[in-house]
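Novice: Turn this into a structure:
(one chain, ligands or ions: 1)
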Amino acid sequence: MSDIRARFNINYSAFKLDVDLSLPGRGVTALFGPSGSGKTTCLRAMTGLERFAGSYLEVNGEVWQDDERDIFLPTYKRPLGYVFQEASLFQHLSVQRNLEYGRRRVPASTHQVSLEHAVALLDIGHLLQRNPDKLSGGERQRVAIARALATSPRILLMDEPLAALDSKRKEEIMPYLERLHDELDIPVIYVSHSSDEVARLADHLVLLESGKVIAHGATSDLMTRLDLNFAHGDTASALVVATVATHDAAFHLTSTEFSGGQLLLPQQAATIGQQLRIRIQARDVSLSLTPQRDSSILNIVAATVTELSDDAPGQVMIGLDANGTRLLARITRKSCEAMRLAPGSQVFAQIKGIAILK
Ligand SMILES: Nc1ncnc2c1ncn2[C@@H]1O[C@H](COP(=O)(O)OP(=O)(O)OP(=O)(O)O)[C@@H](O)[C@H]1O
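Specialist: Numbers count the residues shown, from 1 in each chain. Modelled structure (predicted):
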């Protein structure tokens, strides 16, 4: 049973959105697509700010809109949190007052997230007496997220919450978003056009193009589907979940295990048995037909070629299966032909770089 059902058929003069989605009722779902593909329109339709005929929206068992049955919950009655690109805080109120204002909007009987919990999660206790004009962009955004959470929403809608921040501030705020994901049981719909953010945060991914869903599913599956643009170009990468097995203090390494074998990482402050989310870029993976024993590369994984697809001129993207885990390798067409790679070829993936996402 899916927990969020969203069907919208929206006709603007120059744009049509036609989506029918069944999404998981927990975790982070990213709406990803180029500018103008309809991501914000989809999010706005969920808020009920505009009423579009023929729509249906159900969130974890509650029907918020069903035009066939003439059900339409106005925005102020929808228990949702909305975080915009730029935090829209009341400038004349302190952070504390901003938080309280949001919370007063909803009946006390529905409060599930305490104000203290929201403040602690976003680490804004030291900012409570300040006014928003004395905050950095990242701090403002953390306050906006805490304000949304303090209303105990049944769903959190985030429209490119990091887009207005520089890369340093993005890095600062990312751990807080990850914490929301780990500690709260509120589904998040997250609009983004950054594949980095999607790889780090999203469990589930919806790809939109010209108002239509071109694919949706687990992020790790979609990121490695060669029929999708997402799995091409410089940022193409695979997501791997690996479990911490041992630490090697002498060499400053942490050994992890995943379905395809072992991966050695720079030493991590992680406990044995902890799961790490790892990103392996296609451009950091080279292939060989025999295991290289005289190489400086530590991580070499046996894999089977599943598919091949042209990438940039002279480059080929190779889909790999490492005993159930999908990987990508981007190699030159020349090497691909010299190695006679085809679906079914047995290869060794040499992994030069690994990014630990969390
Ligand atoms: N109220 C409206 N009336 C008419 N057209 C609209 C309206 N709102 C949005 N559109 C159009 O719908 C299309 C999709 O817009 P939308 O903002 O949903 O895209 P997006 O994927 O969120 O883009 P971006 O990444 O640039 O924010 C655009 O062509 C936009 O001009």
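
Novice: any idea which residue of this protein is furthest from its center?
Specialist: residue 294 (37.8 Å; Cα atoms, centre = their mean).

Novice: Do a quick rundown of the strands in the stretch 201-350 of the chain.
Specialist: Remark: strands assigned in the stretch 201-350 of the chain by DSSP state E, counting those that start in this stretch are 204-209, 212-218, 237-248, 253-258, 261-266, 275-281, 285-288, 299-310, 315-322, 325-332, 346-351.

Novice: and this structure, which residues reach the ligand?
Specialist: 12, 15, 33, 35-41, 193 (Cβ under 6 Å from any ligand atom). All C-beta spots, glycine's among them, are computed from the backbone N, C-alpha and C.

Novice: filter those to the buried ones?
Specialist: 33, 37-41, 193 (16 or more other Cβ atoms under 10 Å).

Novice: from the residues you listed, which ones fall inside helices?
Specialist: Residues of those located in helices (DSSP state H): 39-41.

Novice: In a markdown table: those, plus pLDDT.
Specialist: Shown next, in a markdown table, are these (pLDDT from 0 to 100):
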| residue | pLDDT |
| --- | --- |
| 39 | 94 |
| 40 | 93 |
| 41 | 93 |
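
Novice: Just give me the closest of the residues you listed to residue 268.
Specialist: Minimum distance to residue 268 across these is 33.9 Å, recorded for residue 39 (Cβ to Cβ).

Novice: residues contacting the closest residue to the ligand within the stretch 201-350 of the chain?
Specialist: Proximity of the stretch 201-350 of the chain to the ligand (Cβ to the nearest ligand atom) peaks at residue 208, 6.6 Å away. Contacts for residue 208 (Cβ atoms under 8 Å, 6 or more residues apart in numbering) come out as 19, 31-33, 37-39, 42, 214.

Novice: List the beta-bridge partners for it.
Specialist: With DSSP bridges as the criterion, residue 208 is bridged to residue 213.

Novice: now it: how far from residue 15?
Specialist: 12 Å (Cβ to Cβ, to the nearest Å).

Novice: shared neighbours, the two?
Specialist: residue 38.

Novice: how about a markdown table for the strands of the stretch 201-350 of the chain, with distance to residue 52 and mean pLDDT added?
Specialist: Output for the strands of the stretch 201-350 of the chain, formatted as a markdown table (distance: least, Cβ to Cβ, whole Å; pLDDT from 0 to 100):
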| stretch | distance to residue 52 | mean pLDDT |
| --- | --- | --- |
| strand 204-209 | 16 | 95 |
| strand 212-218 | 16 | 95 |
| strand 237-248 | 34 | 95 |
| strand 253-258 | 44 | 95 |
| strand 261-266 | 47 | 94 |
| strand 275-281 | 36 | 93 |
| strand 285-288 | 44 | 96 |
| strand 299-310 | 37 | 96 |
| strand 315-322 | 38 | 96 |
| strand 325-332 | 37 | 96 |
| strand 346-351 | 47 | 96 |
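
Novice: Need these in TSV (columns: distance to residue 125).
Specialist: Below are these laid out as TSV (distance: least, Cβ to Cβ, whole Å):
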stretch	distance to residue 125
strand 204-209	32
strand 212-218	36
strand 237-248	31
strand 253-258	32
strand 261-266	32
strand 275-281	28
strand 285-288	43
strand 299-310	41
strand 315-322	44
strand 325-332	41
strand 346-351	41
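
Novice: Minimum pLDDT in the contacts of residue 208, which residue is that?
Specialist: In terms of pLDDT, the weakest of the contacts of residue 208 is residue 33, which scores 91.

Novice: give the contact list for it.
Specialist: 39, 193, 207-209.

Novice: Test my guess that residue 307 contacts residue 320.
Specialist: No: look at residue 307 against residue 320 with Cβ atoms under 8 Å: they stay out of range, at 9.1 Å.

Novice: who's more crowded, these two?
Specialist: Taking neighbours as other Cβ atoms under 10 Å, residue 307 and residue 320 compare with residue 320 leading, 25 against 16.

Novice: ok, that one - contacts?
Specialist: Contacts of residue 320 by Cβ under 8 Å, 6+ apart are 285, 303-306, 326-329, 347, 349.

Novice: Beta-bridge partners for it, please?
Specialist: Here residue 320 shows beta-bridge partners residue 305, residue 327, assigned using DSSP bridges.

Novice: Not counting its neighbours along the chain, what's nearest residue 10?
Specialist: Counting by Cβ to Cβ, 6 or more residues apart in numbering, residue 10 lies nearest to residue 17, which is 4.2 Å off, once chain neighbours are set aside.

Novice: quick check: angle from the helix or strand hosting the one you found to strand 212-218?
Specialist: Using DSSP states H and E, residue 17 sits within strand 15-23. Here the directions of strand 15-23 and strand 212-218 differ by 20 degrees (axes from the mean of the first three to the mean of the last three Cα atoms, to 10 degrees).

Novice: Many thanks, have a good one.
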